[in-house]
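# Next one to model:
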Amino acid sequence: MTLDYVDVLIVGAGLSGVGAGVHLSKACPGKSYAILEGREAMGGTWDIFRYPGIRSDSDMHTLGYSFKPWREAKSIADGPSILKYVRETARDYGVERHVRYNHKVVSAAWSSQTATWTVRAQRTDTGETVSLTCNVLLMCAGYYSYAGGFSPAFKGAERFKGQIVHPQKWPEDLDYAGKQVVVIGSGATAVTLIPAMAQKAARVTMLQRSPSYVFSRPDKDAIANFLRKILPESWAYALTRWKNVAMQGAVYRKSRTDPAKVKATLIDAVRKQMGPDYDVETHFTPRYNPWDQRLCLVPNADLFEAIRQGKAQVVTDHIDTFTETGILLQSGQTLEADIVVSATGLNMVMLGEMEFSLDGAPVTFSDTWTYKGMMYSGVPNLISTFGYINASWTLRADLTSEYVCRLVNHLDRTGTRVATPTLRADEHAMPARPWIEDFSSGYMARTMDRLPKQGDRAPWINPQDYQRDKIMIRKGVVDDGVLVFSNPPTAAKASPPMLQAAE
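The predicted model follows:
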């Protein structure tokens with residue numbers, strides 16, 4: 001069987017994968033690449049999620065690509081606008097022609113003899129199994145399972161005569177006009193859904209076991225829009241991006257050094273929105289410190305407005321059981337419902353739920369150490385994109401793509417084909433830390449034992465700090481003595497195993 005060969009194979013045609021394609025085409029113009037996408041459309045998260053009000057919770061001046069200015073007035077953008085931006089980027093930079101849709105990747109096998117990954121994919125449209133080989137494999141498949149979101153087993157759910165839906169599988173024909181809706185959850189999805197659904201529903205109830213930190217800001221960045229009027233577009237975008245990165249970083253650092261003050265500021269802001277008679281202590285005062293979980297953005301205070309107008313309410317309690325007509329709470333209160341939305345989170349997965357092997361031996365990533373938060377000890381030529389939990393995803397995705405280009409060009413320049421992160425003698429005894437520290441969100445906690453370990457020194461760290469990452473990833477030398485460069489055993493085996501190149 002003749003296999004397609006590309007220098008770099010990208011898995012996933014979402015925000016990260018499209019950006020990676022642009023970086024490769026600009027920085028490595030002589031290298032071939034392909035993007036495998038398991039679905040029939042481009043866009044990843046921004047094409048999958050279709051629930052009412054779907055939007056970013058990061059500003060588009062940092063969630064947008066470094067190389068493509070965000071031109072719309074709203075910096076907190078809705079899902080369709082972000083999807084349009086991703087697809088426009090793919091079209092403008094010629095990435096579209098490199099994407100192979102309906103290719104659900106199931107496994108990747110590394111051969112030391114040929115210095116190639118053989119990636120096997122299932123065609124979701126024809127059922128055919130296809131394989132491609134590459135020298136460098138870049139995973140841009142995101143961090144959650146496309147098969148479905150996380151939904152607890154609710155007692156008595158089978159008795160409920162209404163409809164239970166998860167935001168990841170939103171029915172296109174769901175009619176909630178004039179209906180009683182209960183949204184279970186208090187995270188970013190819940191605070192987005194509730195004000196959007198409240199515009200048509202009879203009433204929407206946010207049912208939470210415990211509160212999250214919720215803060216409001218305008219969906220338009222007045223400074224950004226002013227700068228666009230007086231400066232060249234690229235300058236205005238770069239300045240706004242710098243401003244927003246600096247502000248995000250300052251808030252996060254303050255949350256770590258003085259959490260009590262940040263907490264008081266956030267809670268006081270909610271009190272000003274809700275008035276002196278509202279029970280902010282019960283419904284909007286979390287039991288954890290700010291940024292132990294991600295803060296929930298409420299653009300233009302829309303959630304608070306919906307509650308003030310009586311279109312929405314917050315109930316803080318625990319579910320006892322579903323009934324035929326709603327939910328019985330442990331307090332004895334009953335919430336009547338026609339529709340229940342289980343906004344209970346995602347199922348986090350490792351590297352697109354693929355199977356990986358090195359020369360026939362399966363890879364257990366929890367036994368590896370993370371290299372700069374992108375690669376894995378002992379695993380050659382594999383890079384993965386994972387954004388920030390405390391800032392915009394694309395800030396990290398851009399850095400990762402830049403690094404891939406530097407690595408590919410270094411391999412080319414030095415005549416080597418293999419780059420393997422390798423622990424030095426004194427690093428085997430490093431104390432192991434979780435891949436992401438001090439972050440208690442359920443989707444992370446449920447999966448942390450499957451992720452690689454983090455050490456106590458660079459480059460075996462995943463700092464979740466954009467400023468540190470810029471130094472470590474963008475400025476750090478590629479040949480750092482930890483990334484070991486080599487070639488296959490013989491020159492003959494070093495050649496790609498096929499000549500049919502994929503575009």
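# What are the boundaries of the strands in the stretch 401-503 of the chain?
418-421, 483-486 (DSSP state E, counting those that start in this stretch).
# Show me the one of the ones you listed that comes nearest residue 297.
Closest approach to residue 297 among the strands of the stretch 401-503 of the chain (Cβ to Cβ): strand 418-421, 35.6 Å. C-betas here are computed from N, CA, C, even on glycine.
# quick revisit: please identify the most buried of the strands of the stretch 401-503 of the chain.
Highest mean neighbour count among those (mean count of other Cβ atoms under 10 Å): strand 418-421, with a mean of 22.
# That strand pairs with which strands?
strand 483-486 (antiparallel) (DSSP bridges).
# ok, which stretches of the chain are helices?
For the chain, applying DSSP state H gives helices covering 15-27, 45-48, 60-63, 79-92, 188-197, 222-230, 233-257, 259-274, 280-283, 302-308, 393-414, 442-445, 466-469, 491-494.
# Could you dump those into TSV and include mean pLDDT and mean neighbour count?
Formatted as TSV, the helices of the chain follow (pLDDT from 0 to 100; neighbours: other Cβ atoms under 10 Å):
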stretch	mean pLDDT	mean neighbour count
helix 15-27	97	24
helix 45-48	94	22
helix 60-63	96	25
helix 79-92	97	18
helix 188-197	96	25
helix 222-230	95	14
helix 233-257	94	16
helix 259-274	96	16
helix 280-283	96	15
helix 302-308	97	20
helix 393-414	96	20
helix 442-445	68	16
helix 466-469	93	17
helix 491-494	44	12
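# For residue 366, find the nearest of those helices.
helix 442-445 (14.2 Å).
# low-scoring pLDDT stretches of the stretch 351-500 of the chain, where are they?
Low-confidence segments of the stretch 351-500 of the chain (pLDDT under 70): 440-444, 490-500.
# Next, find the distance separating the residue lying closest to residue 205 once chain neighbours are set aside from residue 324.
Closest residue to residue 205 apart from its sequence neighbours, by Cβ to Cβ, 6 or more residues apart in numbering: residue 182 at 4.8 Å. Counting by Cβ to Cβ, to the nearest Å, the gap from residue 182 to residue 324 is 14 Å.
# Check which residues of the strand ranked longest in the chain are buried.
Counting residues, the longest strand found in the chain (DSSP state E) is strand 129-139. Neighbour-count burial for strand 129-139, counted by 16 or more other Cβ atoms under 10 Å, picks out 130, 132-139.
# closest to residue 118 among those?
For these, the nearest to residue 118 is residue 133 (5.0 Å; Cβ to Cβ).
# on that earlier part again, how about the helices of the chain in JSON lines, adding distance to residue 6?
Formatted as JSON lines, the helices of the chain follow (distance: least, Cβ to Cβ, whole Å):
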{"stretch": "helix 15-27", "distance to residue 6": "10"}
{"stretch": "helix 45-48", "distance to residue 6": "24"}
{"stretch": "helix 60-63", "distance to residue 6": "28"}
{"stretch": "helix 79-92", "distance to residue 6": "17"}
{"stretch": "helix 188-197", "distance to residue 6": "36"}
{"stretch": "helix 222-230", "distance to residue 6": "38"}
{"stretch": "helix 233-257", "distance to residue 6": "31"}
{"stretch": "helix 259-274", "distance to residue 6": "47"}
{"stretch": "helix 280-283", "distance to residue 6": "52"}
{"stretch": "helix 302-308", "distance to residue 6": "45"}
{"stretch": "helix 393-414", "distance to residue 6": "11"}
{"stretch": "helix 442-445", "distance to residue 6": "32"}
{"stretch": "helix 466-469", "distance to residue 6": "27"}
{"stretch": "helix 491-494", "distance to residue 6": "17"}
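# Can you check which of those gets nearest to residue 337?
Smallest distance to residue 337 across the helices of the chain (Cβ to Cβ): 12.3 Å, for helix 188-197.
# Mind putting the buried residues of strand 129-139 into JSON lines with distance to residue 29 and pLDDT?
Compiled in JSON lines, the buried residues of strand 129-139 are given as follows (distance: Cβ to Cβ, whole Å; pLDDT from 0 to 100):
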{"residue": "130", "distance to residue 29": "27", "pLDDT": "95"}
{"residue": "132", "distance to residue 29": "21", "pLDDT": "96"}
{"residue": "133", "distance to residue 29": "21", "pLDDT": "97"}
{"residue": "134", "distance to residue 29": "17", "pLDDT": "97"}
{"residue": "135", "distance to residue 29": "16", "pLDDT": "97"}
{"residue": "136", "distance to residue 29": "16", "pLDDT": "98"}
{"residue": "137", "distance to residue 29": "20", "pLDDT": "98"}
{"residue": "138", "distance to residue 29": "17", "pLDDT": "98"}
{"residue": "139", "distance to residue 29": "23", "pLDDT": "97"}
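# Which one of those is nearest to residue 236?
Nearest to residue 236, judged by Cβ to Cβ, of the buried residues of strand 129-139 is residue 138 at 30.7 Å.
# I figured that closest one hits residue 8, correct?
Yes: applying Cβ atoms under 8 Å as the test, residue 138 and residue 8 come out as touching, 6.0 Å apart.
# list the residues that contact both of those two?
residue 404 (Cβ atoms under 8 Å, 6 or more residues apart in numbering).
# before we move on, the earlier item: output the strands of the stretch 401-503 of the chain as TSV; include the columns distance to residue 154.
Converted to TSV, the strands of the stretch 401-503 of the chain look like this (distance: least, Cβ to Cβ, whole Å):
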stretch	distance to residue 154
strand 418-421	43
strand 483-486	48
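# No further queries at this time; thank you.
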